[in-house]
Structures are given as structure tokens and as C-alpha cells.
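Engineer: with the input below, show me the fold.
(one chain, ligands or ions: 1)
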Amino acid sequence: MIDLHCHLLPGLDDGPTSLEESLALARALVADGVTHVVATPHVYPGRYANKRSSIAAEHARFVQALAVAKIPLAVSFAGEVRLDPEVLDWLAEGELPFLAGEAAVAGKAHKALLLEMPDGQVPLGADRFCSMLLKQGITPVIVHPERNRGVMEKLERIRPFIDLGCQIQLTAASVIGEFGRNAHTTALQLLEQGWVSVVASDAHNLRGRAPRLQAAHAWLAEHYGPAAARQLTLIGPAQLCGLTVPAAQSPPA
Ligand SMILES: [Fe+2]
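Structural biologist: Numbering: from 1, shown residues only. You can find the predicted model right below:
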């Protein structure tokens with residue numbers, strides 16, 4: 001599986017606070033069946049002052065530590081970008097952390113961006129903001145709308161974003177009901193509508209926010225079939241990250 005939303009890098013946000021914690025999370029991702037993870041720290045003006053260049057530096061250090069620790073996990077980086085007017089400045093400065101990384105910056109892969117709205121609401125004008133990004137060739141991937149109170153209250157609040165061409169990422173723990181009943185119900189409704197492109201861990205640590213992709217994959221396979229589970233945890237994320245995926249092996253005759 002490819003996990004395209006994970007707070008893996010140490011000391012950048014509310015994820016791991018030390019290299020040891022990050023390496024432990026990396027081992028847990030491998031044990032959970034993840035072969036490639038995109039490290040996506042919060043990019044949140046006024047709270048987490050991360051941007052593409054600073055995340056790149058931390059990512060390079062972490063990849064070395066991962067090799068020393070002999071952990072068999074491919075790690076690229078992007079960011080979970082807060083919906084904020086400063087996004088436009090970073091775009092102009094080449095500081096937006098796209099899911100496909102440098103290939104996207106160089107125009108050799110699609111420009112997709114994890115975009116986070118405030119948990120309590122869908123802000124007025126958010127759709128116009130997304131429309132502006134789309135006009136610049138950037139696809140907003142709206143992260144965990146099933147945990148957004150505004151969407152929980154009224155699913156239709158997310159429809160304008162789908163109609164524009166935005167994509168949706170669910171959190172694995174929501175799919176299996178570990179983010180509460182409302183998030184689970186909303187996740188299900190979004191899946192039923194066919195609006196979901198990707199399920200990702202959004203893991204932060206090994207305590208309350210551990211990776212749960214394996215369990216989510218099993219749940220999806222049981223309820224929607226193995227092809228849908230593969231699409232949401234491997235093919236969908238690969239497309240957004242500019243990665244190629246080996247063809248599915250057919251079962252032995
Ligand atoms: Fe996140």
C-alpha cells in the first residue's frame with residue numbers, strides 16, 4: 001500500500017518529537033503493509049512554519065537515518081497544507097509541497113496538494129479558493145472531510161468541491177470506526193457517493209494516532225471488494241504521487 005498522508009518526520013509538527021519516535025512509526029508502517037509513505041507535515045501559517053524547502057531538508061536527513069536503521073520503506077515528502085491565503089504566496093515562490101514532489105515542480109508529474117480545512121466548518125469561499133488552484137493546474141486533495149463538523153452535519157457541503165474536480169482523502173481510522181460514529185457514518189456516505197480517491201493513515205504516533213491502513217484495507221475489501229480496496233490504498237495514491245504500480249497478480253489457476 002501507498003500511504004500519502006502521514007506525520008512521519010520528527011519535530012516539525014504534532015507528529016513524532018524525536019528521530020527514535022519517527023523510526024518506530026516507520027517500522028509500524030512497514031508492519032502495517034505500507035511500502036511507500038509520503039511524509040506530510042502540517043503546513044499551517046502561525047502554527048507550523050513548514051514549507052517545501054524546509055521539509056525537503058528534514059526529509060533528506062530522515063532518509064539517511066532510515067537507511068542506517070535498515071527499514072525497508074520508501075519515503076517521499078509533501079505537506080498537509082492549511083487552507084490559507086498564504087498558499088498563493090508559496091505557489092509564487094515555488095514553496096508548495098506537491099504530492100509528486102520535484103517531478104510536479106518540474107512539470108513532469110501532476111500537481112496535487114493535500115488541503116486541510118478547519119475541523120469545525122467548510123469556510124465560505126473555500127470552493128472559490130479551490131477553483132483558483134485548479135485553474136493553475138493544481139488539484140486540491142481535501143483531507144478527511146469525514147472529520148469536518150460542517151460535512152458531518154450536511155454531506156452536500158462537499159459536493160461543490162467534487163463538482164469542481166477536487167479529490168477526497170479519508171482517514172483509515174474513520175473507515176473502521178475508530179474516529180467515532182459520526183466520522184464513520186460520514187466516511188461511508190462519501191464512499192457510497194463514489195467521491196473518495198484515497199484512504200490514508202494520517203498517522204501521528206504509535207499511541208492514539210497509529211497507522212490503521214491494513215485494517216481499513218480489510219474493511220474496504222469486505223464491503224466493496226478487493227479491487228476497490230486496492231484502488232483506494234494503492235492505485236489512487238500512486239496516481240496522485242506520480243508513482244507506477246505493478247499490475248495486480250492474477251490468482252493461480
Ligand atoms: Fe494530517
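
Engineer: so what touches stretch 113-122?
Structural biologist: 4-5, 40, 42, 44, 78-83, 96-99, 123, 126, 130, 133, 138-143, 145, 147-151, 157-158, 166, 169 (CB atoms under 8 Å, 6 or more residues apart in numbering). The way it works is simple: take the backbone N, C-alpha and C, and place the C-beta from them, glycine included.

Engineer: buried residues in it, which are they?
Structural biologist: Buried positions in stretch 113-122, judged by neighbour count with 16 or more other CB atoms under 10 Å: 113, 114, 115, 116, 117, 122.

Engineer: just the endpoints, please. Distance across that stretch?
Structural biologist: With CA to CA, to the nearest Å as the measure, stretch 113-122 spans 18 Å from end to end.

Engineer: let me know the average pLDDT across that stretch.
Structural biologist: Mean pLDDT, stretch 113-122: 91.

Engineer: gap between that stretch and the chain center?
Structural biologist: Centre-to-centre, stretch 113-122 and its host chain are 12 Å apart (CA atoms, centre = their mean, to the nearest Å).

Engineer: now stretch 175-190
Structural biologist: 17 Å.

Engineer: all strands for the protein, in order.
Structural biologist: 2-6, 36-39, 42-43, 74-77, 80-82, 111-116, 138-143, 167-171, 198-200 (DSSP state E).

Engineer: reformat these as CSV; add distance to the ion.
Structural biologist: Shown next, in CSV, are the strands of the chain (distance: least, CB to the ion, whole Å):
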stretch, distance to the ion
strand 2-6, 6
strand 36-39, 11
strand 42-43, 7
strand 74-77, 13
strand 80-82, 4
strand 111-116, 7
strand 138-143, 6
strand 167-171, 8
strand 198-200, 8
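
Engineer: adding distance to residue 230, write those strands out as JSON lines.
Structural biologist: Formatted as JSON lines, these follow (distance: least, CB to CB, whole Å):
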{"stretch": "strand 2-6", "distance to residue 230": "11"}
{"stretch": "strand 36-39", "distance to residue 230": "14"}
{"stretch": "strand 42-43", "distance to residue 230": "29"}
{"stretch": "strand 74-77", "distance to residue 230": "18"}
{"stretch": "strand 80-82", "distance to residue 230": "24"}
{"stretch": "strand 111-116", "distance to residue 230": "19"}
{"stretch": "strand 138-143", "distance to residue 230": "19"}
{"stretch": "strand 167-171", "distance to residue 230": "15"}
{"stretch": "strand 198-200", "distance to residue 230": "11"}
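
Engineer: most tightly packed of those?
Structural biologist: strand 198-200 (a mean of 30; mean count of other CB atoms under 10 Å).

Engineer: which helices and strands does it pack with?
Structural biologist: Using 3 or more CB pairs under 8 Å, 6 or more residues apart in numbering; DSSP states H and E, the elements in contact with strand 198-200 are strand 2-6, strand 167-171, helix 172-175, helix 213-224, helix 236-241.

Engineer: residue 244 reaches residue 109, doesn't it?
Structural biologist: No - applying CB atoms under 8 Å, one finds residue 244 not in contact with residue 109, separated by 11.0 Å.

Engineer: for these two, indicate the residue with more neighbours.
Structural biologist: Neighbours were counted for residue 244 and for residue 109 using other CB atoms under 10 Å; residue 109 has more, 19 against 6.

Engineer: is it true that that one touches residue 78?
Structural biologist: No - Residue 109 is beyond contact range of residue 78, at 11.6 Å (criterion: CB under 8 Å).
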